[in-house]
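Colleague: Compute the structure for the input listed below.
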Amino acid sequence: METSTLTSNIVSRDEWLAARMTLLAREKEFTRQRDALSAERRKLPMVKIEKEYVFEAPGGRSTLLDLFGNKRQLVVYHFMFDPAWDNGCAGCSFFMDNIAGSIVHLGARDTAFAAVSRAPLAKLESFKMRMDWTFPWVSSNGNTFNTDFHVTLDPEDDDYQYNYASAKGLLAQGKLCTPKGEMPGLSFFIREGDEIYHTYSTYQRGLDLPMNTYNLLDMTLLGRQEEGGRPMAWVRLHDQYDKQ
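Modeller: Numbers count the residues shown, from 1 in each chain. Alright, predicted model coming up:
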């Protein structure tokens with residue numbers, strides 16, 4: 001925001017307070033709407049997981065059920081890390097930096113967390129150590145988990161979609177950054193005994209909500225400062241900001 005714009009918007013404290021109270025009423029209404037939407041989300045029907053997905057994990061082979069541990073719910077982040085890449089996606093790393101500190105608290109609400117990527121486990125472990133992360137991270141290399149949840153795109157796939165829409169259509173609208181390869185997402189599961197059910201998945205702007213950096217920037221005067229065709233172009237791995 002230019003200085004001239006800033007100085008043209010300076011008011012008295014009383015005028016500011018009146019404007020703030022007007023906005024506060026809208027913020028409270030938004031909070032009520034968000035609570036109602038969350039309640040509707042919890043009413044969605046579920047889909048039973050029929051496949052037995054087996055992942056590469058630090059302790060050996062791990063099934064989807066194993067990722068729950070002793071918890072009833074499981075949150076999975078689909079972390080973009082192609083088998084050919086040396087590093088994980090900067091945007092996904094940004095996401096994990098934002099939520100890594102909150103994962104320990106999920107267990108108190110009977111909820112486990114894991115990240116899943118197609119890269120081999122050795123690459124995941126190396127990158128995880130570099131980023132100083134401690135969350136569970138397993139490799140889906142060798143199973144169909146990524147394609148089944150539409151986070152690895154293949155134009156030859158008959159079910160070529162992302163975010164519940166045709167990937168070709170999204171590409172034509174400029175709403176998809178790549179025609180092929182890895183995409184991010186969050187998927188949620190619950191279990192009854194050994195039976196697992198898929199309850200929810202979200203992609204694209206649906207991933208904004210857990211990212212506290214965005215939530216804080218949205219409260220600032222300058223906002224996210226992400227105008228243009230590549231809004232996250234500014235994001236770096238957290239050990240690279242001093243190299244800009």
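Colleague: part of a strand, is residue 61?
Modeller: Yes: counting by DSSP: H, G, I helix; E, B strand; the rest coil, residue 61 is located in a strand.
Colleague: Moving C-terminal from the longest helix along the chain, which element do we reach first?
Modeller: In the chain, assigned by DSSP state H, the helix with the most residues is helix 13-42. For helix 13-42, the succeeding helix or strand toward the C-terminus, using DSSP states H and E, is strand 47-48.
Colleague: contact partners of that following strand?
Modeller: 195-198 (Cβ atoms under 8 Å, 6 or more residues apart in numbering). (Each C-beta comes from the backbone N, C-alpha and C, glycine too.)
Colleague: Name the strands paired with it and say parallel or antiparallel.
Modeller: strand 195-202 (antiparallel) (DSSP bridges).
Colleague: Show me what counts as buried in the partner strand.
Modeller: Across strand 195-202, burial judged by 16 or more other Cβ atoms under 10 Å covers 196, 198-199, 201-202.
Colleague: so which helix or strand takes in residue 127?
Modeller: Applying DSSP H and E as the criterion places residue 127 in helix 121-131.
Colleague: okay, that helix in CSV with CA atoms only?
Modeller: What follows is helix 121-131, C-alpha atoms only, in CSV (Å, rounded to 0.1, in the frame of the first residue of the first chain):
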residue,chain,number,x,y,z
LEU,A,121,11.4,-43.0,2.6
ALA,A,122,15.1,-42.2,2.6
LYS,A,123,14.4,-38.8,0.9
LEU,A,124,11.6,-38.0,3.3
GLU,A,125,13.7,-38.8,6.3
SER,A,126,16.6,-36.7,5.1
PHE,A,127,14.4,-33.7,4.3
LYS,A,128,12.5,-34.1,7.6
MET,A,129,15.8,-33.9,9.5
ARG,A,130,16.9,-30.8,7.5
MET,A,131,13.6,-29.1,8.4
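Colleague: what is the mean pLDDT for it?
Modeller: When pLDDT is averaged over helix 121-131, the result is 97.
Colleague: For it, name the packing helices and strands.
Modeller: Counting by 3 or more Cβ pairs under 8 Å, 6 or more residues apart in numbering; DSSP states H and E, the packing neighbours recorded for helix 121-131 are helix 90-99, strand 137-139.
Colleague: Now do it against helix 90-99, angle only.
Modeller: Angle of helix 121-131 versus helix 90-99, following axes from the mean of the first three to the mean of the last three Cα atoms, to 10 degrees, is 60 degrees.
Colleague: And the residue nearest to the spatial centre of the chain, how far from residue 201?
Modeller: Centroid-nearest residue in the chain, with Cα atoms, centre = their mean: residue 207, separated by 4.2 Å. Taking Cβ to Cβ, to the nearest Å as the measure, residue 207 falls 11 Å from residue 201.
Colleague: who touches both of those two?
Modeller: Counting by Cβ under 8 Å, 6+ apart, the common neighbours of residue 207 and residue 201 are 185-186.
Colleague: Relative to residue 30, which of the buried residues of strand 195-202 is nearest.
Modeller: Proximity of the buried residues of strand 195-202 to residue 30 (Cβ to Cβ) peaks at residue 202, which lies at 18.5 Å.
Colleague: can you pull the pLDDT of that closest one?
Modeller: Predicted confidence (pLDDT) for residue 202: 97.
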